[in-house]
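Trainee: Build me a model from this:
(chains A and B)
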Amino acid sequence: MANGQSGIFVGGAGLVWRRQRVLWWVFVVNLVLASFAARTITSRVAPVLNHSLASNPLLVYGFHLSAVNELSSLPSEYLTVGSTPMYYSVIFFFFMLLATGGVLEAYWRDSSPSTGEFFLSGGSYFWRFLRLVVLLFLVLIPIGIVAAAARGIGNVIDEKSISPFSWVWFELGAVLVLTFLLMSVRLWFDIAEVIAVAESETRSRKCLRRGAKVVWNNFGSLFWLYFRISVVGWIVLAAGMHIWVHHVSHGSITLSLLISQLIALFWLGTRFWHRASETLWYKNYLSRPESESVAPAPSPYEPSLVASAR
Amino acid sequence: MHLAPNRFACLLLVLIASGDVAFAQAPTATATSSEKQPLSVRVVGYQIDAKYDAVKHTINASETLTYKNLTGQPQQTFPFHLYLNAFQPQSTFMTEVHLYGTRGAGPDTPWDPKHFGSITVTKFAVDGAGDLTDKMVFVHPDDQNANDKTVFQVTLPKPVPPGASVTFHLDFQDQMPEVLERTGYKHDFVMVGQWFPKVGVWWKGAWNCHQFHATTEFFADFGTFDVKINLPENEIVGAGGDLVSTVSNGDGTKTVTFHSEDVHDFSWTASPSFTDVEDSWTGSAGEVKIHLLMSPGHASTTKRYLQALKGTLRLFDEWYGPYPYDRITVVDPPHGGLDAGGMEYPTLITAGTSWLVPKGLLLPEGVLEHEFGHQYWYGMVATNEFEEAWLDEGINSYTEVKIMNELYGFNTSTIKTHWGTMGEPEEQRMNYLGRPDADPIARFAWQYMNDSSYGGVTYGKTATVLLTLEKVIGEDTLRRAIHTYFMRYRFTHPTGEDFLKTIEEVSGQNLRWYFDQSVYGTQVLDYEVLGVTANPLNWWDKKPRSGPPPGGLYRNTVLIHRKGDFIFPEDVQVKFDNGETVNEHWDGRDRWIRYTYDKPAKAISAEIDPDHKVWLDRSFFNNSMTVKEDTHATRKLRDLWIFGTECLSQLLAWLT
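Mentor: Next up, the predicted model:
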């Protein structure tokens, strides 16, 4: 068991590495669904581009805006694919709702589940986590109100001030505050999900209450953990985009794909790193003498788990 | 002199604190300029004495207008425009904005009282005829909107004989709107355009004085302007004229006097927050003083503006003709006041930027170049914007393409970043592709289908038509034609036919076939390669597994189709797998043409317009066909789509 903050930070990464099978699984599903979403556009533009010399600018000049615009402005509207990416994103959302239980089980037990075990535990937590998502939406409402209010105030500042920077600084501050609030709420719900798995707690609201208590009493250390991992994710994202844009030739399709997928994988991995670190942190927390010890952890992939969830 | 903005701001503060007066322009001796030979036929002479209330945003003024009757016939009725009355909900302008949109506001824009503007003439007198205020009648030459008060006319008791002059005396009050479009105030900034009663133009044997419209507003006679403005002492002023004098009134106000000649309009701007950057440029007509009035937060664009302006001045001077004025004032509207940006007035233009415009995004440069170009196409070659907007906006868009390309690169004159690029020709063509067939170029501006069609056709299509014309007569010939047009028609009111005939004259070609389709018609140009095939000539022989067919020859066929209704001669290039290239020329008249080649080689591609000069072509993608499939571009788009969907999916999954 990892000890101390930096131990959990590194230990979380180690846990993701050791149980990387779940990460690859989810990444592949993400990629496959996105590939399905891209089928429509591929089938539409292929007849136009594959035999036309005018497709060369797309390879020579990067994201050649006029060529892309022409594609979208032609009567056939080759680039009009409506909300296809959103449909596949919603499918991925529900897949993740199903998979999160399995991921947390794997991290909590630090063992590699079989496919059946993975989905078995995922299924057992599905409804609980769905209820948590509904509750999350409720919690997000006041944050949405804060965001709307900030926007309103920003507009007033924008309207009144002759300098653009008054608005810029206000918006920057508002974004930071909102990011802090969103990260805090996500942290709270993450811990609630960890509690649901660690303690086989079937009552979502109880998970949330306990999660709130745990996060409230340990906010500094938990938020610092979450924040540091997020920062690493953002840095890698920025570095990946920089390499992609500045150092990869516009004609290098395979290399571009590779870099884009590495970015997507790492970004997903960052989220898994959050989960793994939070799980480790909670294990650490439970091992403290002053912590509220609850029910003992069930044995790996106990069938009764499934029954209790129903 | 070009000071670093922060140092200049400090200097400005010191000047204001010390009670000194800050002016955007140093006084210049106008005696010499008045002694110069007039550049234009001066029909009008305006003397305006105005007082600006910076709190209420009102102007109280008196105007003396001397009009010289050069119409060749007696004139008894005179129309004037009162364009600030357009900023009222019942006006033709606001109705058009609400129905069809304009550059700063889309269709269905609701009326907001803060945008109310008005101009009221409280006294109208004529030398020798007395007070005729009660003879003023609002007229509506363009529509039946009885509520539009942007044009009035007065009939004098007796006509003004040909060659004689008449002097009008008017008192008027302006209420400036909070800027919605072109003119008005925002914060402590005010852009004062279309602010005084201006007489119409006698043109083609009739008075031409249109109402103020959503897209067009300019047409006036040349003359002189002597304008006095009384305003708070802390205001930094810029105007379309030479600063003659400045007098501190001792009551917290000052009076600035400007003089301008051989122009057809006068505008001015003021703000205590401006930073005045001065510079100069010398061309074939002498030194031009540059006044750049920068708004807070925009200092990072200063160098970019100056670089673009000097480059534009140089190329206009070299290519089209001299810039004869001794000044140019560039106004950078403040944050929130961008609706006053991107405008042209004689020797004063408004640009546009924001606190964050990446260097690779050449929008400030493009706007500035375009507005300066209007000094030629509108300012000096004073065409009728209402009736032939393409002659200023369209020709100007074409020269914008040429100059921006020269200054910033052919493929990178609009966007030049690592992730993507775009050139000016592509930008103009993109505008045209939005509405390629709705309206002909030669159409009254307010009669276009909507704002989108007006913009796409007047700006984008005209520029694209002229770019394509380069293929027909040559780039240099077209440049010479435009130079001739400028030199011949500067300080006059030419028509579209004058422009087209000049091109025909300089090129020595009859181009009616082209102009009839592209300028007067709505035909769409679209040629496509329908097929490229290579079959063994002796096709009945048994096909060998590999190698050349029996007899060694292939019958190669290339099928070209005229998909659109625009007829244009096209070059076609066919390439073969032995490296051979065949160039064809087709008059483009028939609906299709088939080229057949019997060769010991297979055709690998065919391309219409291989030099890529027919910018009017509706689709570049169908202009070529390769036998071999190349999936790189498709895969690139597909991979970007995949990555985007993955990111969206992960963002959504963050909620789980």
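Trainee: tell me the contacts of residue 255?
Mentor: You didn't say which chain, so I picked chain A. A:Val248, A:Ser249 (CB atoms under 8 Å, 6 or more residues apart in numbering or on different chains). To be clear about C-beta, it is placed using only N, CA and C from the backbone, and glycine gets the same treatment.
Trainee: nope, chain B please
Mentor: B:Lys228, B:Ile229, B:Asn230, B:Thr246, B:Val247, B:Asn249.
Trainee: Now secondary structure and distance to chain A too, for these, in CSV please.
Mentor: Putting these into CSV (DSSP: H, G, I helix; E, B strand; the rest coil; distance: CB to the nearest CB, whole Å) gives the following:
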residue, secondary structure, distance to chain A
B:Lys228, strand, 27
B:Ile229, strand, 21
B:Asn230, strand, 23
B:Thr246, strand, 24
B:Val247, strand, 28
B:Asn249, coil, 26
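Trainee: Redo the residues you listed as JSON lines? Include distance to B:Gly117 and pLDDT.
Mentor: What follows is the contacts of B:Thr255, written out as JSON lines (distance: CB to CB, whole Å; pLDDT from 0 to 100):
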{"residue": "B:Lys228", "distance to B:Gly117": "22", "pLDDT": "98"}
{"residue": "B:Ile229", "distance to B:Gly117": "18", "pLDDT": "98"}
{"residue": "B:Asn230", "distance to B:Gly117": "20", "pLDDT": "98"}
{"residue": "B:Thr246", "distance to B:Gly117": "28", "pLDDT": "97"}
{"residue": "B:Val247", "distance to B:Gly117": "29", "pLDDT": "97"}
{"residue": "B:Asn249", "distance to B:Gly117": "27", "pLDDT": "97"}
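Trainee: quick check, nearest of those residues to B:Pro141?
Mentor: When the contacts of B:Thr255 are ranked by distance to B:Pro141 (CB to CB), B:Ile229 comes first, at 31.1 Å.
Trainee: Who does the closest one form a beta bridge with?
Mentor: Beta-bridge pairing of B:Ile229 under DSSP bridges involves B:Ala50, B:Val256.
Trainee: burial count for it?
Mentor: 23 (other CB atoms under 10 Å in any protein chain shown).
Trainee: what's the answer for B:His632, then?
Mentor: Neighbours around B:His632, by other CB under 10 Å: 17.
Trainee: one step back: top of the contacts of B:Thr255 by neighbour count?
Mentor: Counting neighbours by other CB under 10 Å, the top entry in these is B:Ile229, with 23 neighbours.
Trainee: how near is the closest residue to B:Trp446 other than its chain neighbours to B:Asp148?
Mentor: Spatial nearest neighbour of B:Trp446, chain neighbours left out: B:His213 (4.4 Å); criterion: CB to CB, 6 or more residues apart in numbering or on different chains. From B:His213 across to B:Asp148, the span is 10 Å (CB to CB, to the nearest Å).
Trainee: for A:Val45, same thing?
Mentor: On the measure of CB to CB, A:Val45 and B:Asp148 end up 49 Å apart.
Trainee: overlap in contacts of B:His213 and B:Asp148?
Mentor: Common contacts of B:His213 and B:Asp148, defined by CB under 8 Å, 6+ apart, comprise B:Thr92, B:Phe93.
Trainee: Kindly give the local confidence score, pLDDT, for residue 296.
Mentor: Reading this off chain A. Listed pLDDT for A:Pro296 reads 47.
Trainee: That was the other one, I meant chain B.
Mentor: B:Pro296 carries a pLDDT score of 94 in this model.
Trainee: For it, give me its contacts.
Mentor: A:Ile162, A:Ser163, A:Pro164, B:Ser273, B:Thr275, B:Pro334, B:His335.
Trainee: Filter those residues down to just the ones in strands.
Mentor: Among the contacts of B:Pro296, DSSP state E puts B:Thr275 in strands.
Trainee: The residue nearest to B:Trp446 - that's part of a helix, no?
Mentor: No - B:His213 sits outside any helix when classified using DSSP: H, G, I helix; E, B strand; the rest coil, being coil.
Trainee: To what extent is it buried, counted in neighbours?
Mentor: 26.
Trainee: Kind regards, and thank you for your time.
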